[in-house]
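[1] Using only what follows, build the 3D model:
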Amino acid sequence: MPKIIDHDQRRREIVEVAKRLIIGGGFEAATMRSIAAAAGFANGALKRYFPSKDSIIAATFQSVLQTMNERIGACDPSGGPAEELRHYLEAALPLDGYRIESARVLLALWEHSVANEELATLYREHLKIWRGQLADLISATRGRGEPADAPAIDELAGEVISMTIGAHITCVMFPDGALIPEYRSYVDRFMRRVAD
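    Sure thing, here's the model as predicted:
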């Protein structure tokens with residue numbers, strides 16, 4: 001009886017290998033040859049799952065963003081809008097070793113997306129969704145009846161996005177997690193500002 005191969009699982013494994021290679025040596029370390037070798041494939045076998053390095057990189061980018069979205073979505077909304085907003089902020093920031101490693105992957109992918117319109121479009125769409133979700137949560141937490149697209153709300157959502165992206169960049173220089181207390185402090189200060 002022929003062995004049944006789970007092709008989706010193989011794709012996930014290849015993406016995890018690409019992540020590890022990017023974490024270990026940056027974007028340049030994740031060549032088709034190095035990914036194939038680390039995943040235990042013959043050189044041409046990756047093409048069955050991903051036609052090009054760009055397609056592996058796009059899948060890797062989506063995987064990191066999906067993991068972030070899953071962390072964000074894991075909040076119990078019964079705690080109210082303020083608790084949901086706090087959870088959202090903490091889930092998006094690099095507050096543990098896994099997320100600091102993921103930041104290294106994001107940094108490499110952001111750089112690559114400058115020259116890859118497909119990746120740039122994917123990330124711009126993610127930013128739009130992220131900004132809208134933040135604006136909804138900020139508006140609900142403030143409880144003043146302001147629409148989510150009010151300038152004050154949009155400004156706060158933009159601040160969170162800029163701070164979070166900055167945190168992902170700076171944490172790469174401090175992989176030991178030295179900046180985690182600073183990021184947690186930012187969340188506390190932001191929550192106080194939203195409540196004022």
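
[2] Nearest the geometric middle of this protein, what residue?
    In the chain, the residue lying closest to the centroid (CA atoms, centre = their mean) is residue 65, at 3.7 Å.

[3] and that residue, what helix or strand is that in?
    helix 53-73 (DSSP states H and E).

[4] what comes up buried for that helix?
    Neighbour counts over helix 53-73 (16 or more other CB atoms under 10 Å) mark 53, 56-65, 68-69, 71-72 as buried. No exception for glycine: its C-beta is placed from N, CA and C like everyone else's.

[5] Please apply the same query to stretch 156-175.
    So stretch 156-175, judged by 16+ other CB under 10 Å, has buried residues 156, 157, 160, 163, 164, 165, 167, 168, 171, 172.

[6] what's in contact with that stretch?
    Identification of contacts with stretch 156-175 by CB atoms under 8 Å, 6 or more residues apart in numbering yields 89, 92-94, 100-101, 103-104, 106-107, 127, 130-131, 134-135, 138, 177, 179, 183, 186, 190, 193-194.

[7] Export only the CA atoms of it, formatted as PDB.
    Presented in PDB, the C-alpha positions along stretch 156-175 are these (Å, rounded to 0.1, in the frame of the first residue of the first chain):
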ATOM      1  CA  LEU A 156      -4.100  56.200  18.700                       C
ATOM      2  CA  ALA A 157      -4.300  53.200  16.400                       C
ATOM      3  CA  GLY A 158      -1.500  54.500  14.300                       C
ATOM      4  CA  GLU A 159       0.600  55.100  17.400                       C
ATOM      5  CA  VAL A 160       0.200  51.500  18.400                       C
ATOM      6  CA  ILE A 161       1.200  50.200  15.000                       C
ATOM      7  CA  SER A 162       4.200  52.400  14.800                       C
ATOM      8  CA  MET A 163       5.300  51.400  18.300                       C
ATOM      9  CA  THR A 164       4.800  47.700  17.700                       C
ATOM     10  CA  ILE A 165       6.800  47.800  14.500                       C
ATOM     11  CA  GLY A 166       9.500  49.700  16.200                       C
ATOM     12  CA  ALA A 167       9.500  47.200  19.100                       C
ATOM     13  CA  HIS A 168       9.900  44.300  16.600                       C
ATOM     14  CA  ILE A 169      12.900  46.100  15.000                       C
ATOM     15  CA  THR A 170      14.600  47.000  18.300                       C
ATOM     16  CA  CYS A 171      14.100  43.700  20.000                       C
ATOM     17  CA  VAL A 172      16.200  42.100  17.400                       C
ATOM     18  CA  MET A 173      19.200  44.000  18.900                       C
ATOM     19  CA  PHE A 174      18.200  42.700  22.300                       C
ATOM     20  CA  PRO A 175      17.300  39.000  21.800                       C
END
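
[8] Quick check: mean pLDDT of that stretch?
    The average pLDDT for stretch 156-175 rounds to 94.

[9] do stretch 137-151 as well
    Mean predicted lDDT for stretch 137-151 stands at 93.

[10] Ok, stretch 44-51 next?
    Mean pLDDT, stretch 44-51: 84.
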